[in-house]
Structures are given as C-alpha cells and as structure tokens.
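Q: need a structure here:
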Amino acid sequence: MENKGESITLGNYWDIIAAHQGEIFYTKSGLPFAYQVVGNELFTDRRERSIHRKTFERAITRMQESPGEIRGPKALKLYGAPYIWSILTRLGGI
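A: Here you go, the predicted model:
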C-alpha cells in the first residue's frame, strides 16, 4: 500500500511510517523486509538493532537539502540506510 498523496515531512513522518508497519518493503537491492514501530524506534525483521526516529529525521533533512546528491542509501551515511531509503522513497516520494 502506498502513501495516498501525502508527502513525508519532519512534522508527519513518524505517523506515516507507523501506519505502514507490518507491510513488506524491499531494499534497493531487492531484499524483502517488514518493520515494527515501538515508541521512538523502528525494528526490521532483518536486524536485531533498532533504527531510532532521529535517524529518520536526519535522513529526511539530508534528502530534502541535497536531492541531487542523495541518489541511494549509501549516500545517506546513516545506520540502517537501506531500510530508511526504502521506507522514505516508497511512502514519501522523497
């Protein structure tokens, strides 16, 4: 299920991400994953460590400030970048 026309912003991103937990996403390399949001943390079914809400905030800021430079997850230079990239590009059209 895609996000219905609502762009991800720093004000709404966590609610949108939480609304899509349990769905199947795919990393840029095609690996399937699902996630669960618990408080301010996101847990994927492929990793033991969580990705904190603030990490998504940094990714959104980087993607919005340098859209031409951020063309894939590696350019984010953040922990969990493949998952963050997949979620944000699919749900927010960033």
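Q: gap between residue 34 and residue 20?
A: Residue 34 sits 10 Å away from residue 20, going by C-beta to C-beta, to the nearest Å. In this view, the C-beta of every residue, glycine as well, is placed from N, C-alpha and C.
Q: Need the residues touching each of the two.
A: With contacts defined as C-beta atoms under 8 Å, 6 or more residues apart in numbering, no residue is adjacent to both residue 34 and residue 20.
Q: So the two - more neighbours on which side?
A: residue 20 (17 against 14; other C-beta atoms under 10 Å).
Q: which residues in the chain form helices?
A: Ranges of helices in the chain, per DSSP state H, are 13-19, 53-65, 81-92.
Q: Output those as a markdown table; include the columns mean pLDDT and mean neighbour count.
A: Output for those, formatted as a markdown table (pLDDT from 0 to 100; neighbours: other C-beta atoms under 10 Å):
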| stretch | mean pLDDT | mean neighbour count |
| --- | --- | --- |
| helix 13-19 | 95 | 16 |
| helix 53-65 | 94 | 16 |
| helix 81-92 | 94 | 21 |
